[in-house]
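> Predicted model, plus sequence, below.
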Amino acid sequence: MSLLTLSGLTASYGATPALFGVDLEVGAGEVVALMGRNGMGKTTTVRAISRIIGSEGTLRFDGHDLHGMPSHRVARAGIGLVPEGRRCFADLTVTENLIAAARLGDWSLDRVHGLFPRLGERAGQRAASLSGGEQQMLAIGRALMTNPRLLILDEATEGLAPIVRQEIWAAIRALKAGTGMAILLIDKSLKELSTVADRAVILERGRTVWAGAMGALSDEITQQYVGV
Amino acid sequence: MISERMLNLTVIGGLLAVALAALVLDQPFTITLATRVAILSLAAVGLNIALGLGGLVSFGHAAFFGIGGYAMGILAYHAQTYTPLDLGLFTVAGTKSMPVIWLVAMVLSALAALLIGLLALRTSGVYFIMITLAFAQMFYYFTLSWSAYGGEDGLSIYIRNGFPGLNTLVPIQFFGICFVILCAALYLFHRLEHAPFGLALGSARQAPMRVETVGLSPMRLRLVAFVLSGAITGLAGALFADLNRFVSPTMFSWHMSGELIVLIILGGVARLIGPVIGAVLFVVLEHYLGGMTEFWKIWLGVILLLIVLFARGGVAGLLSPRKVGHD
């Protein structure tokens, strides 16, 4: 059974329509890549799932309709969002960022430190003074501390040095292998996505234009819709 | 520049030292001034939870201060006149017991804060300021015409309420009670500031959407903070009324709300010891400048202006600056 289901989802920013019909399914324990060129509606889809913006159509998580839920209820229902641009709590330390969001469950400070040892080393440092890569690790750690069943990573490796990207990808692979958590990934690195994602969904101008197994994604399709 | 911990210990230790020195030198009025500092600090520590941690500029905290004061006044009035307090469905006896009065003051203030918060917290900025002010003014005008409890003239309590094992009429003993409660409130503030609740509340002030996306409701966080804040300020109101053995509608006035904000801005917004420093400055200026000129608040205004312009973290920020992060 699908954990997250979007069907015919539409959304707009004020009077400007942004999504015209997004269909997307993420099963329990599945890693799904949400792909498409810039401005095609990937982040808007994530914002609609998290109820940061309103939407219409089918939007269900674990059998519950997310429409009408405020953002914090969506997060409590089990959707952990790592937003584009990291967005840590700048004035708080690494540990404070993690415990401010913590909810009872499998994830603890020690487990997050195990996934990202750098966060353990910088436990008392303010988030604002961390490097971009460390802030990204913190944003992922903070989302994990809410003990989500679905983790959404929006451009988690954007603008990071190659070595830091490798650390983030290693963590994502570890999450897939070790937790059974469902993950919805937005990223521009087709090479990395193909090693970790089970399925891919491609958006074009606010619509789902292709969905299928990652292995079925042909060069022709990626050239046409993703531009690589 | 000194560390924040050292500053906190110096200020709170200094307040205790002044009261003890006054005891040794037989200066009971100075002890009363120190008691006034402790009570005003307590009220401002309450407000600091909402204003400092939550960023809620409540211009109506006099409502809770006054509710605490009237809870004390009404219960003590019925005890001293041996008349029952008629609550419509049932009657209760008055009491001169401080712990009971404190409990009633805190529960009533918390309830008022809950109701006011549920409405006021749906707004923000200047609208929040105006709504909280409007609620406090409603209480003010109500008590002004509440003739059963003195109306405009207020209500005098002849003998200070009692605390088991202590003689509250002895200034140092009453100071001791207020000082211990202040320390407890400061400890609560400190724990709250570093607890997940306080961290999330502070973050909700800066980035409410980020807090929402980790599963926390900024509205709920703010409401809890507002209720806690109201309860502590209400407790201070009960002690203030006991200090003066008098309650009047002025406890609800907007001047009172303004003074509590001034105390925090003087001392340092969101700083643990800020309200205490503010209250010390306020009472010292009130007493010494007030003895020289009727217009002492002009000088308070000048000091406030200088603090706002040149020391954004208040006196605490000046003496022990904090680093601020940005992203």
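Thanks, I have it. Just so it is clear, the model here is predicted, and its values are computed rather than measured.
> residue boundaries of the helices in the chain?
I'll assume chain A. Taking DSSP state H as the test, the helices found in chain A are A:42-49, A:71-77, A:94-101, A:109-115, A:117-121, A:132-144, A:162-179, A:190-196, A:219-221.
> meant chain B, my bad for not saying
Using DSSP H, helices in chain B cover B:4-24, B:28-48, B:62-80, B:98-120, B:125-144, B:171-194, B:196-206, B:208-213, B:218-244, B:254-267, B:274-284, B:290-292, B:296-310, B:314-319.
> Include mean neighbour count and distance to chain A when you put those into CSV, please.
In this view, the C-beta of every residue, glycine as well, is placed from N, C-alpha and C. Below are those laid out as CSV (neighbours: other C-beta atoms under 10 Å in any protein chain shown; distance: least, C-beta to the nearest C-beta, whole Å):
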stretch, mean neighbour count, distance to chain A
helix B:4-24, 16, 15
helix B:28-48, 25, 17
helix B:62-80, 28, 27
helix B:98-120, 20, 16
helix B:125-144, 18, 20
helix B:171-194, 18, 8
helix B:196-206, 22, 4
helix B:208-213, 22, 4
helix B:218-244, 26, 8
helix B:254-267, 22, 19
helix B:274-284, 25, 17
helix B:290-292, 11, 39
helix B:296-310, 13, 21
helix B:314-319, 22, 15
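> Out of the ones you listed, which is closest to A:T5?
helix B:208-213 (20.4 Å; C-beta to C-beta).
> Which strands or helices does that closest one pack on?
Here helix B:208-213 touches helix A:71-77, helix B:196-206, helix B:218-244, going by 3 or more C-beta pairs under 8 Å, 6 or more residues apart in numbering or on different chains; DSSP states H and E.
> let's see 10 Å
Applying 3 or more C-beta pairs under 10 Å, 6 or more residues apart in numbering or on different chains; DSSP states H and E, we find helix B:208-213 packed against helix A:71-77, strand A:79-82, helix A:94-101, helix A:132-144, helix B:196-206, helix B:218-244.
> Tell me which of these sits nearest to A:K188.
helix A:132-144 (14.6 Å).
> Could you list every helix and strand that the closest one packs against?
Using 3+ C-beta pairs under 10 Å, 6+ apart: helix A:132-144 touches strand A:79-82, helix A:94-101, helix A:109-115, helix A:117-121, strand A:150-154, helix A:162-179, helix B:208-213.
> any idea which of the ones you listed is most buried?
The highest average neighbour count among the helices and strands packed on helix A:132-144, using mean count of other C-beta atoms under 10 Å in any protein chain shown, belongs to strand A:79-82 at a mean of 28.
> List the neighbouring strands of it plus their orientation.
Strand A:79-82 pairs in its sheet with strand A:150-154 (parallel), by DSSP bridges.
> as a whole number, average confidence for the strand it pairs with?
Mean per-residue pLDDT for strand A:150-154: 95.
> If I take that strand and helix A:132-144, what angle do their directions form?
Put simply, strand A:150-154 runs at 160 degrees to helix A:132-144, going by axes from the mean of the first three to the mean of the last three C-alpha atoms, to 10 degrees.
> I'd like the helices and strands packed on helix B:208-213 laid out as JSON lines, including distance to A:I168 and mean pLDDT.
What follows is the helices and strands packed on helix B:208-213, written out as JSON lines (distance: least, C-beta to C-beta, whole Å; pLDDT from 0 to 100):
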{"stretch": "helix A:71-77", "distance to A:I168": "21", "mean pLDDT": "95"}
{"stretch": "strand A:79-82", "distance to A:I168": "10", "mean pLDDT": "94"}
{"stretch": "helix A:94-101", "distance to A:I168": "16", "mean pLDDT": "93"}
{"stretch": "helix A:132-144", "distance to A:I168": "6", "mean pLDDT": "94"}
{"stretch": "helix B:196-206", "distance to A:I168": "23", "mean pLDDT": "92"}
{"stretch": "helix B:218-244", "distance to A:I168": "29", "mean pLDDT": "97"}
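> B:G66 is in contact with B:L144, isn't it?
No - using C-beta atoms under 10 Å, B:G66 is not in contact with B:L144; the gap is 11.2 Å.
> Find residues that contact each of the two.
B:248-250, B:252-253 (C-beta atoms under 10 Å, 6 or more residues apart in numbering or on different chains).
> between these, which has the most around it?
Neighbour tally across the shared contacts of B:G66 and B:L144 (other C-beta atoms under 10 Å in any protein chain shown): the maximum, 30 neighbours, falls on B:F252.
> coming back round to it: per-stretch mean pLDDT over the helices of chain B, give me the minimum one.
Taking the mean pLDDT of the helices of chain B, helix B:290-292 comes last: a mean of 85.
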